[in-house]
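**Student:** Build me a structure from this.
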Amino acid sequence: MSEQHGALVNTPKQLIVVCVLALVIPVAIALLGAQLLSGSKHIDRSEPKKLVEQRIKPVGELLKFDGAPPPAAAAVVAVVAKAKSGEEVYNGACVACHGAARVPWLRAHLKRTDDLTLQLGRERFGMFRDAVCLLAASGYAWIGADHFVRADDALVLAADDGRLSRTGMGYTMRAGTNMLGLGTGAMSELNGWCVQNTADPVAWQRAVGARQLPLEQGHVRSPDDTDRAAAITHLLCNAELPYDLFLGDMYELVDRFEEFAADGLVEFQSERVVVTPLGRFFLRALCGTLDAYRVALDLPVRYSHAV
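**Tutor:** Residues are numbered from 1 along each chain as shown. From the prediction side, this is the model:
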């Protein structure tokens, strides 16, 4: 006994219907899926044109007017007219927190800045003190010598727990690890090697394009370099220096810190020297006493100094 099965398409009309459905149904499913995922809505054609323009209005707009500008535009023009140049902003604000690394023999652009326009001495100290107070009132914590982070930042917790460390690029919680710098001027620390990339963007791009390391200079740390780096890092991160981290000429170093103590910058305790709240503003100068390359007078290289 045989069974006969009917075909799904028996006539040309049915074939046309099946082909149309095969094209329409996938397209419809794709459109509905895209609309569902994007959350888009159909455009309401009845919405007034002015409401549509108001809804998609850009943040800024270009105004053209003849004669005197309206009051609102005049106020904007007045603000722009009083805008300071980049040099004025740098000399009036940036040097307060960043400091003025006065090394025109190393950086050609610094030759364009007049020494007389830089804030020095007490004025610099007052600017930085005001910046610290302002940032603290805004919810930022001062860590180390010159970094400010939100009070709930992980670096604050690391500083409180004594886990804060510092590399040539800034503060970190990962001490003792190798660091690879990639950008222009970036520094790397790899197994005792300290190297720096070129700061010239063209030279950096040329070296990277040729699959070469864009290195400009480097230095291999000696055992003394490593010990001094550990002492300076501890002082920068913890605002204290245990006596067992004192290096070099012990008597000369004690004499220097006694001078700092007389100025109210440090205090001698039983096992360490502790930086005072005032001394924290001069933390870089305190660290300079541990830098063998800075204190050496017979080296031809000149370094910037704290003022």
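**Student:** from here on, contacts and neighbour counts on C-alpha atoms
**Tutor:** Will do.
**Student:** I would like the residues contacting stretch 138-156, please.
**Tutor:** 97-98, 132, 135-136, 159, 164, 171-173, 236-239, 280-281, 283-284 (C-alpha atoms under 8 Å, 6 or more residues apart in numbering).
**Student:** That stretch spans what distance, first to last residue?
**Tutor:** Distance across stretch 138-156, first residue to last, is 15 Å (C-alpha to C-alpha, to the nearest Å).
**Student:** same deal with stretch 258-269?
**Tutor:** 12 Å.
**Student:** Let's test this: mean pLDDT of it, rounded?
**Tutor:** The average pLDDT for stretch 258-269 rounds to 92.
**Student:** Tell me where the model's unsure across the stretch 1-150 of the chain.
**Tutor:** 1-10, 12-15, 17-18, 20, 33-47, 52-121 (pLDDT under 70).
**Student:** let's see 50
**Tutor:** 1-3 (pLDDT under 50).
**Student:** count of residues packed around Leu23?
**Tutor:** 10 (other C-alpha atoms under 10 Å).
**Student:** Double-check that it belongs to a helix.
**Tutor:** Yes. The assignment for Leu23 by DSSP: H, G, I helix; E, B strand; the rest coil puts it in a helix.
**Student:** what about it, distance to Leu31?
**Tutor:** Leu23 is 13 Å from Leu31, by C-alpha to C-alpha.
**Student:** now swap in Asp249 and tell me
**Tutor:** From Asp249 to Leu31 the distance is 79 Å (C-alpha to C-alpha).
**Student:** okay, the spatially closest residue to Met173 that is not a sequence neighbour: pLDDT?
**Tutor:** Closest residue to Met173 apart from its sequence neighbours, by C-alpha to C-alpha, 6 or more residues apart in numbering: Leu164 at 5.1 Å. Note on Leu164: pLDDT of 88.
**Student:** the helices in the stretch 151-300 of the chain, which residues?
**Tutor:** Along the stretch 151-300 of the chain, counting by DSSP state H, counting those that start in this stretch, helices occupy 154-160, 201-209, 223-238, 250-262, 283-288, 292-295.
**Student:** Reformat those helices into CSV and put distance to Glu216 next to each item.
**Tutor:** Output for those, formatted as CSV (distance: least, C-alpha to C-alpha, whole Å):
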stretch, distance to Glu216
helix 154-160, 31
helix 201-209, 9
helix 223-238, 20
helix 250-262, 33
helix 283-288, 25
helix 292-295, 20
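**Student:** Where among those is average confidence lowest?
**Tutor:** helix 292-295 (a mean of 71).
**Student:** what's the domain layout of the protein?
**Tutor:** 85-138, 222-307 (automatic domain parsing).
**Student:** which stretches of the chain form strands?
**Tutor:** Under the criterion DSSP state E, strands of the chain are mapped to 140-143, 147-150, 165-167, 170-172, 187-190, 193-197, 215-220, 240-242, 266-268, 272-275.
**Student:** Tell me which of those strands sits nearest to Ala230.
**Tutor:** Across those, Ala230 has its closest neighbour in strand 165-167 (9.5 Å, C-alpha to C-alpha).
**Student:** Show me what that closest one packs onto, helices and strands only.
**Tutor:** strand 170-172, helix 223-238 (3 or more C-alpha pairs under 8 Å, 6 or more residues apart in numbering; DSSP states H and E).
**Student:** most neighbours per residue, which of these?
**Tutor:** Of all the helices and strands packed on strand 165-167, helix 223-238 carries the top mean neighbour count, a mean of 18, counting by mean count of other C-alpha atoms under 10 Å.
**Student:** Which residue comes closest to Ala136 once chain neighbours are left out?
**Tutor:** Nearest residue to Ala136, sequence neighbours excluded (C-alpha to C-alpha, 6+ apart): Trp142, at 7.5 Å.
**Student:** And the one you found, how close does it get to Arg129?
**Tutor:** 11 Å.
**Student:** cool, Leu286 as well?
**Tutor:** For Leu286, the distance to Arg129 - C-alpha to C-alpha - is 18 Å.
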